[in-house]
Each structure stands twice: as structure tokens, then as C-alpha cells.
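Peer 1: got a predicted structure here, sequence first:
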Amino acid sequence: MGVHADIKLVDHDDDGVDLAFRSDVLSGLAQQQKAVPARWFYDLAGSELFERITDLPEYYPTRTETALLDAHCREVATLVGSGRAVVEFGSGSSVKTPLLLREMDAGAYVPIDISGDFLRQSSEKLAEKFPAVPVIPIEGDFMKPVSLPASVAGLERLGFFPGSTIGNMVPHTAIDLLRSMRETLGDRSHLLIGFDRAKDVRRLIAAYDDAEGVTARFNLNLLARINRELGGDIPIERFRHVARWNEDWSRIEMHLEATDTIAFEVSGRRFAMDQGETIHTENSHKYTPNQARLMLQAGGWSPAAQWTDSGDDFLIILARATEHRSAP
Ligand code: AVJ
């Protein structure tokens, strides 16, 4: 079957600049609290650094979720049925996907990711591992509605959204995304989704500020990407990585803090920062199981089964598209 030609939903100008990246960076740096959306971490270098994060001793989510998928995907397959189009949102390196596909007898695999280079690499590997499953990659931002390729029109869908990527969104955006997934995937579809659970704050901080400094490099790589792709002259060595807990929102925040008063240019625009001022680069919300289920319900999904680890660190939930019908 192999890999189909990828479908591209990304706009570039004549110089190859990603227009959404430029507009997010320019508007984000013009705000009072400077901020750049976390999805821009994942250029090739950033995606590779994230892969290294997942191996760190302090970063428990990936290995915990992987063990959960390894143990429970057979049950997922039984509950969902065979011949499904598996649609993965933010597939990255697709390392968890085989755990699901080996049990699924899937009709197609549709990975959606914003990092085109990474997407092509991982699609090739997946297609080799599962020669009977057509792989149809889509390069694009899964936060926008995606119309699925015609070749999967006749198949019922299983959405796959592991990694607790949902935690990168503030709740109202997360619920918008769940609703848009409900539309993309359609009636009778299922969604298998991972949530990172609320836990001891010291462990959370350690997971986002590791001793080896890989997360710091991951965060700082965003500045290197801005300089390279958007013609910036940000003095990267005058920034430091900060991970802090925001109790009100139950989330880890990552920031890049200016260690001096600085000025720089991006795409011909000037910006200035005071010493101690930050660029907010990521939120990672941590939920209780009740909060996770409520979010799914608010987004049009009815939880059907859930699995967690013995340490109560991570949660995966299988949900069914809620039927559209009137109810009291
Ligand atoms: C890929 C969004 C799940 O929030 O834990 C890891 C990204 N950031 N270390 C997360 C990340 C810093 C990660 N997700």
C-alpha cells in the first residue's frame, strides 16, 4: 500500500516563509505579555529535541502513556471494531502509533502534522511496518478543520490524540478543538485521547526543567528558529528557560526570560524587553479524571472507557461521538 503523496495545507510566501508562523510571532511579540504558540517548537531540530525529552528520567508522560497503550490497545480495538480509518492529530514521530495499529486491522492511517519533514520520515517507517495499511499524510495545522481525503470517505473513523497535547490548549480552545474533531471524524466515530494528570508540583517542575537541560534547549530553539526563518537577530544567549506552576489554571508554563534589557528585530520590526520580562512559550494543563471527562463531554464526546497507571500519573480515555439528538 505504502505512503500516498502528502496533502499540504501550509501557506508559504515567495521566500518560503511560513506565513502563519510570521503572523503568530509578530502579533505575539507585540503583546503586553509576549507569547508564541507552542506548536512552533516543532521544526526538525525542535522535534528531535522533543524526542530526547521523552527519554529523560524526569519526563514520565511518554513512558507512562506508552505502557498504557501497550497494555490496553487490544481492548480498544475490540471496542472500536476493525476497518477503521485511524486519524492521528499531531502525529510527530508516530512512535506510539504501532501499539494501536498492530491491534486494529485498520482500513487506513491518516497522520496530520505541522512538521512536514518529520511527517514524511515517520510515514515511510509506518508504511514499512504495516504494508497492508494505506498511509495518507496531511501536512497541516490540526487546530483548523481538516477535510479528510476522499479515499477514506467510506470508513468509520478512530481519532488518535495521544501525548496529552490537549494540555497545551487553554480549556476553551481545547473544547473548540474537540468539537472540531467531532465534525472532522463524524457520527459513529471514536476518539482515543491522552491526558496528563494533576500531581505533585515538584515532580511536574522537574519534568519541565530537567537536570540535563534538554527542555531548556527545546525552549530556546524557538528563538533560533525565529532568527533563521523570520530574519531575526534575537540575542539567544541573553535568555534563560523557566518552567513554573500556575495554580489557578492547574498548568505548567514555560517561558523564555530576558536576563538583560535587550532590543532586537524580527522580519524588520523592532521589539524591546526589560530584564526579567518573559516570552510565554507553552502551557501544559494537568487534569483530574473528572475534569478530563467533563471536557470531552463539553466537546461532543461521550467517554466509554478509561485506563490509568498504578501511579495515577496519566490517563487515556476512549470516547464515542455523542449522538446529535434533543434531550432534556
Ligand atoms: C508534547 C505537549 C505533550 O506539554 O508535556 C515537553 C511538550 N514541553 N516538555 C508537554 C513538552 C516541554 C509536551 N507535549
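Peer 2: Ah, there it is.
Peer 1: just the strands in the stretch 101-250 of the chain please.
Peer 2: Taking DSSP state E, counting those that start in this stretch as the test, the strands found in the stretch 101-250 of the chain are 108-113, 138-139, 157-161, 190-196, 239-246.
Peer 1: how much space between the closest residue to Ala35 other than its chain neighbours and Arg63?
Peer 2: Take Ala35 and drop its neighbours on the chain: the residue closest to it by CB to CB, 6 or more residues apart in numbering is His280, 4.2 Å away. All C-beta spots, glycine's among them, are computed from the backbone N, C-alpha and C. Applying CB to CB, to the nearest Å, the value for His280 to Arg63 is 28 Å.
Peer 1: give me every residue in the stretch 151-300 of the chain lying close to the ligand.
Peer 2: Contact residues (CB under 6 Å from any ligand atom) of the stretch 151-300 of the chain with the ligand: Gly163, Ser164, Thr165, Gly167, Asn168, Tyr208, Thr215, Glu282, Ser284.
Peer 1: tell me the one of these nearest the ligand?
Peer 2: Nearest to the ligand among these: Ser284, at 3.5 Å, using CB to the nearest ligand atom.
Peer 1: which residues touch that closest one?
Peer 2: Each residue near Ser284 by CB atoms under 8 Å, 6 or more residues apart in numbering is listed here: Ser164, Gly167, Asn168, Asp196, Tyr208, Arg251, Ile252, Glu253, Met254.
Peer 1: doesn't it belong to a helix?
Peer 2: No. Under DSSP: H, G, I helix; E, B strand; the rest coil, Ser284 sits outside any helix and is assigned strand.
Peer 1: for the residue nearest the centre of the chain, which non-adjacent residue is spatially closest?
Peer 2: Central residue of the chain (CA atoms, centre = their mean): Thr165, 3.8 Å from the mean position. Residue nearest to Thr165 in three dimensions, not counting chain neighbours: Gly90, with 5.1 Å by CB to CB, 6+ apart.
Peer 1: roughly how far does the one you found sit from Pro235?
Peer 2: Going from Gly90 to Pro235 by CB to CB gives 31 Å.
Peer 1: cool, and Gly140?
Peer 2: From Gly140 across to Pro235, the span is 33 Å (CB to CB).
Peer 1: of these two, who's got more company?
Peer 2: Counted by other CB atoms under 10 Å, Gly140 and Pro235 do not tie: Gly140 has more neighbours, with 18 against 14.
Peer 1: the more buried one contacts Ile112, doesn't it?
Peer 2: Yes. The pair Gly140 / Ile112 is scored as a contact, 6.1 Å apart, by CB atoms under 8 Å.
Peer 1: what about Leu230, how many residues close to it?
Peer 2: Other residues near Leu230 number 19, with proximity taken as other CB under 10 Å.
Peer 1: check contacts around it.
Peer 2: Taking CB under 8 Å, 6+ apart, we find Leu230 in contact with Val17, Phe21, Arg22, Val25, Val266, Ser267.
Peer 1: closest to Arg179 among those residues?
Peer 2: Lowest distance from Arg179 to these (CB to CB) belongs to Phe21, with 25.3 Å.
Peer 1: confirm that the closest one sits in a helix.
Peer 2: Yes. The assignment for Phe21 is a helix, going by three-state DSSP.
Peer 1: which one is it nearest to, not counting chain neighbours?
Peer 2: The nearest residue in space to Phe21 (CB to CB, 6+ apart) is Trp40, at 5.9 Å.
Peer 1: quick check, the one you found in a helix?
Peer 2: Yes. Assigned with three-state DSSP, Trp40 falls within a helix.
Peer 1: distance check, it against Trp301.
Peer 2: Distance check for Trp40 against Trp301: by CB to CB, it reads 28 Å.
Peer 1: between these two, point out the one with more neighbours.
Peer 2: The neighbour comparison of Trp40 against Trp301 (other CB under 10 Å) goes to Trp301, with 26 against 21.
Peer 1: nearest spatial neighbour of that one, skipping sequence neighbours?
Peer 2: Spatial nearest neighbour of Trp301, excluding adjacent residues (CB to CB, 6+ apart): Ala319 at 3.8 Å.
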